Every structure is written in structure tokens, then in C-alpha cells.
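>>> how would this look folded up:
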Amino acid sequence: MQRLQICKSFSQSGQKYFKKLSNCQILTMSGLQSISSAGVSRSSDLETKCCPIQHRWVFCILAFLAIFISSIMFSLPSLLHETKTISLKNINGSDFCSINHNFTLKVSVLKDPNSATKYITLFAIHWGYLLSCFPAGIFSDQFGGKYIMTLSLLFSSFWCLVTPAIAVLSKNRPGWMAGTQFFRGFFKGIVFPTIMSLLAQWAPDTERTKMVCLVYGSYFLSQEISTEIQKFLPEKQLYFLFGSIGVVFCFCWHLFLYPTPEDHPSITPNELKFLDENTEDRPVKGRKNIPWAGILTSGPFWAVLILQIGLSWNWVVYFYAYDIYLPGVLKFEDYENTIWRIPFYLCFGFALIYGFISDWFIKEKLLSVTILRKIAALIGNSGSAFSLLFVIFGGCHSNAVMIHFTVGLCFQALFYLSCRVNHLDLTSNFAGTLMGMTRIFDRISEYVVDSELSYLLTIESSLRQWAGLFWFTFGLNLLSTCVFLILASGIRQGWNYVK
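Residues are numbered from 1 along each chain as shown. Below is the predicted model:
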């Protein structure tokens, strides 16, 4: 009787040898056939006992850390700003929250108020981001994402390390700091599309959602952890600390990450079999023609793009409300040191829970992928939008408002199940390209909203003025959700398949 021994050579040099392990499981061909005849279609039962490490999850951990570290380096406090303490006035009227004592608020302002310096230097980091994210997605799909990501991490760390020195040397020379900011944004823009292209190689259909939730959810963790660390270290030391961490991790990424499962020297035959049987189609290696006409005329692509714009607007409003509305308008003192910072951690935790539940439904074939993506969009966006309405009715009751914000963020975690993972649903060959395209519109909407809100709404704006923003966000959320419900799809598109 033929026997199939589940072990793999650990040699990359092509020398064929097998190391016999005492605990290595031996399966017979007849045993495999009997399993198949019993109706078990998934190959997860074939997972090897001699090599317990599943390398697709090692990839997820590395991708999680890559986004986490690069996002912290990107979100470090700008050395162009300084912190100022202002005293808030008690404005009479039913549309303003009153205070019974002296109330101060720390705000961040530009050291050089010159408008030319502001727009050239401050926004250079955003222009760099926009310039790189689309080409990064294309090159990752065509040539693989490992080495592109390695360069991104290495140069992001380099510019992070030299930023404090350039900030000192660039006095009266705004172009120096503008160049530094531009390159910081440029190499950060590479990260999201490249990781999406790599996920197309490593994520099976039955684990795709939770992998995306784990990897991209690290972005929000980075924001909160960065905020906490900033309370203990000076700004310049933060640049040196995370720049050094980025350099060390860059070498770890290069050593331990492989572009595809087939390239991994120690992956087991069972894991390769699992990936093959649980993936509809694997990306085609090498250069391939991008079907621009098919993508740009695809309803599901526009559904993802429009939903992404609505969600980006929503996130900016949430963050702006946390920074300005809560402390400045509601007079919520020292909320950053209370339990109300927990919602952002809850968002990440709920995203993981939702991801596991979604993949369970897909694996058991209880609901189609399309239905799951639309349910996630409907519940997540509607729940988040209605939470903003309750914020309006909460008035000056800061604790009640924070509860509504918390509930809204927990609903918002469903964004990963509806919009972010949908890139991989539609295509495997052009997932990075799709991600690059949606990220351009995503970041443009964020930059426009973020820059204009500071002029339209301030700490002296009334509750009625802020209610107008929340009502508009509510309407935009529902509109983008309706478009997604009509046009979205969870199946591979015809333009994905190439020769």
C-alpha cells in the first residue's frame, strides 16, 4: 500500500533530504480516500502534526507589525507644531455648554504661521502619500510585494531618523523640511496596497476576512499606542525610537517573509494543499496586462470606492470630534486620561470577532460572500450613522455622548468586513492595484475634510453648527451604503482572469 509521508525538505539549495521525526504523522493514500469519501471537503483535517507552525499566520503577524510600525512613524507629532494652552470663555446661550470654573485646553498650532510655509511644508507629507500609493499597488501585483515593502520600511525608518536633525537645520529653509515630509509620506503610501497584494497570495477564501481584520486593524492600534507613548517621551526622541525599531523590523521582514507560499522553504505540503483547495484562484505570477476598461466600468469597483469615501469622511469626523468637540465644545475635562480612550481598542477587538464570525459563515456555506459583505455594510454604516444622531440629542451630557461614540465605533469596525476585504473578493491578480486606486480617493477625501473642518468648526462653534456636520455625515453614510447595497458583489469579476 502506498504511503504519503507529510514532511518537507528544509533545504533551499535543491539537495533532497528528509529528516525523520518521531512525531511525524504518516497518512496512507487509502486513508485519504476514505476521508474524501466520508464527505469532508476541506483539507484542514490534513494539517500536519510534525510541523505545527502555519506560515500563513506568520505572514499575518509580520504584515500586522509592518502596518503598525509604519503607521506609528507616519503619525508622529509634527515638529512644525507646538502645543499651546488656551483658556476657554463661557459663552451664554442654549447652544453652548457652560462651565463653572476656569477651563483650559491644549491645542497644537504652527510654529511659523506663514501661509506659504504651511501649505508647502505641512501638506507635503500628504502629496507624497498620494503620489506613491497607486504605483505601489501596480508594481506589487506585477513583480511581487516583498521587496517593495522592504524598501518602504527601510526608507521610512531612514527619514524618520533624520527628521529631527533636518528640523533644526531647516530654519528659514522650509524646502528642506518639505522634502523630508514628502518622502515620509511617499514611503508610507506604499504600505497598504503592497500588503493587499501579498494577502492575495497568502489568504485562503475561508480565512480571508479575519486576516484582513488582523492586518489592517493594526492601524487603529498604532494611533492609540502612539498617543499614549507621546505622553512620556519628547517629540524628537519618538522619531529616534520608532525609526530604530523600523530599521530592526525591516531586516526581520526581509529574512522571514516570502512573496508566495510556494517560495517558502519550510512550508508543509498540507498547508500548500489547504491553500490550493480553499482558494478560488491564485494570482498569476509575472507581468500581466491590467484591464483598465473592465475595472473602470465595473459596478462592484465603484461600490467599494464610494463606500470607502463615505467611511473616510466618517472616520475624520470621529477623530475631529474626539480632538475638538469633546474637550472644546462639551467642556469634557481630561477625557484622554479616562476610560473613554478604550473605544479605539474595542474597535480593533470587535473587528477580529466580526472577522472570525464572517469566515465561519463562509466556511459553513450558510451565507454567500456577497450577502455577508452587504449585511456588514448595512449594519456597520447604519449603526455608526445613527450613533451620530444620538450624539446630537445628547447635548452637553458628555458621558452620554461618549457612550454613543463608543457604540458608533464598534459598528464602524464592520468596515473591514464590507469594504476593505472586498478588494480580495473581486480580484486576486489586481488586488494591490484596486487598493491603490481606492486609497487615492480615500486620502483625498480625508485631507479635504480634515483641512476644511478646522475653518468651518472650532471650539467656539455652537452645538447647532456641529449638529449640521453630524447630520451631513449621517446622510453621506446612508447614501454610500445604498450604493454599495445596489452595486456590490463578493465574487470574482471577469476582468480578474488573465492568460
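>>> Let me know the helix or strand that the residue positioned nearest the centre of the chain is in.
Nearest to the geometric centre of the chain sits Y216, at 3.4 Å (CA atoms, centre = their mean). In this assignment (DSSP states H and E), Y216 forms part of helix 208-229.
>>> now this protein, which segments are flagged as low pLDDT?
1-52, 79-94, 100-121, 172-174, 333-341, 499 (pLDDT under 70).
>>> What about the residue nearest to R208 when sequence neighbours are not counted, how many residues nearby?
Nearest non-adjacent residue to R208, counting by CB to CB, 6 or more residues apart in numbering: L424, 5.6 Å away. C-beta here means a position set from N, CA and C on the backbone, and glycine is covered the same way. L424: 23 surrounding residues under other CB atoms under 10 Å.
>>> so L424 touches L198, yeah?
No: using CB atoms under 8 Å, L424 makes no contact with L198, being 11.0 Å away.
>>> Now do the contacts for the residue nearest to R208.
The contact partners of L424, by CB atoms under 8 Å, 6 or more residues apart in numbering, come to 196, 199-200, 203, 208, 212, 431.
>>> and the helix or strand hosting V483, what does it pack onto?
In this assignment (DSSP H and E), V483 forms part of helix 463-487. Using 3 or more CB pairs under 8 Å, 6 or more residues apart in numbering; DSSP states H and E, the elements in contact with helix 463-487 are helix 299-320, helix 369-394, helix 431-456.
>>> Redo the ones you listed as JSON lines? Include distance to T227.
Output for these, formatted as JSON lines (distance: least, CB to CB, whole Å):
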{"stretch": "helix 299-320", "distance to T227": "11"}
{"stretch": "helix 369-394", "distance to T227": "22"}
{"stretch": "helix 431-456", "distance to T227": "17"}
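>>> closest to S152 out of these?
helix 431-456 (12.8 Å; CB to CB).
>>> Are there helices or strands packed against the closest one, and which ones?
helix 124-143, helix 191-202, helix 292-296, helix 299-320, helix 422-426, helix 463-487.
>>> Point out the most buried one among the ones you listed.
Highest mean neighbour count among the helices and strands packed on helix 431-456 (mean count of other CB atoms under 10 Å): helix 191-202, with a mean of 28.
>>> Give me the angle between that helix and helix 431-456.
For helix 191-202 against helix 431-456, the angle by axes from the mean of the first three to the mean of the last three CA atoms, to 10 degrees is 150 degrees.
>>> now the angle between helix 124-143 and helix 191-202, please.
20 degrees.
>>> nearest to G179, of the helices and strands packed on helix 431-456?
Going by CB to CB, the one of the helices and strands packed on helix 431-456 nearest G179 is helix 124-143, 7.3 Å.
>>> Show me the contact partners of the closest one.
With CB under 8 Å, 6+ apart as the criterion, helix 124-143 contacts 74, 148, 152, 178-179, 181-190, 192-194, 196-198, 283, 286-288, 290, 429-437, 439-440, 443-444, 447.
>>> hey, C-alpha coordinates of that helix in CSV?
C-alpha atoms of helix 124-143 as CSV (Å, rounded to 0.1, in the frame of the first residue of the first chain):
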residue,chain,number,x,y,z
ALA,A,124,4.0,67.8,1.6
ILE,A,125,3.6,64.6,3.5
HIS,A,126,0.1,64.1,2.0
TRP,A,127,1.3,64.8,-1.5
GLY,A,128,4.0,62.2,-1.1
TYR,A,129,1.4,59.7,0.1
LEU,A,130,-0.9,60.3,-2.9
LEU,A,131,1.9,60.1,-5.4
SER,A,132,3.1,56.6,-4.3
CYS,A,133,0.0,54.5,-3.3
PHE,A,134,-1.3,53.9,-6.8
PRO,A,135,2.1,52.9,-8.5
ALA,A,136,2.9,50.8,-5.4
GLY,A,137,-0.2,48.7,-6.0
ILE,A,138,0.6,48.2,-9.7
PHE,A,139,4.2,47.2,-9.1
SER,A,140,3.3,44.8,-6.3
ASP,A,141,0.8,43.0,-8.5
GLN,A,142,3.3,42.8,-11.3
PHE,A,143,6.5,42.0,-9.6
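>>> got the contact list for I491?
I491 neighbours (CB under 8 Å, 6+ apart): 369-370, 425-426.
>>> next one: P300
422, 426, 487-489, 493.
>>> Looking at those, which one is closest to Y258?
Among the contacts of P300, and counting by CB to CB, the member closest to Y258 is L426, at 25.0 Å.
>>> hang on, that closest one packs against Y497?
No: taking contacts as CB under 8 Å, L426 lies outside contact range of Y497: 11.9 Å.
>>> Pipe the contacts of L424 into a markdown table and attach distance to Y455 per row.
A markdown table is the format used below for the contacts of L424 (distance: CB to CB, whole Å):
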| residue | distance to Y455 |
| --- | --- |
| M196 | 34 |
| L199 | 38 |
| A200 | 41 |
| A203 | 42 |
| R208 | 41 |
| V212 | 35 |
| A431 | 37 |
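>>> Just give me the closest of these to S418.
Checking these one by one against S418 (CB to CB), the nearest turns out to be V212, at 11.0 Å.
>>> Nearest residue to that closest one in space, please, no chain neighbours.
Closest residue in space to V212, ignoring its immediate chain neighbours: V421 at 4.3 Å, by CB to CB, 6+ apart.
>>> before we move on, the earlier item: how far off helix 369-394 does the helix holding V483 point, in degrees?
With the same axes, to 10 degrees applied, the angle from helix 463-487 to helix 369-394 works out at 170 degrees.
>>> relative to helix 299-320, how tilted is helix 463-487?
160 degrees.
>>> Which residues are in contact with the closest residue to L388 other than its chain neighbours?
Nearest residue to L388, sequence neighbours excluded (CB to CB, 6+ apart): F470, at 4.5 Å. Shown in contact with F470 (CB under 8 Å, 6+ apart): 317, 388-389, 391-392.
>>> How much space separates F470 from V329?
Counting by CB to CB, to the nearest Å, the gap from F470 to V329 is 12 Å.
>>> repeat for S489
For S489, the distance to V329 - CB to CB - is 41 Å.
>>> which one of the two has more residues nearby?
V329 (25 against 20).
>>> Surely the more buried one is in contact with A467?
No: using CB under 8 Å, V329 makes no contact with A467, being 10.9 Å away.
>>> Report the distance from stretch 141-160 to the chain centre.
17 Å (CA atoms, centre = their mean, to the nearest Å).
>>> got it, and stretch 307-318?
With CA atoms, centre = their mean, you get 13 Å for stretch 307-318.
>>> ok, and what's touching that stretch?
Taking CB under 8 Å, 6+ apart as the rule, stretch 307-318 contacts 377, 381, 384-385, 388, 405, 408-409, 412, 415, 418-419, 438, 441-443, 445-446, 449-450, 453, 469-470, 473, 476-477, 479-481, 483-484, 488.
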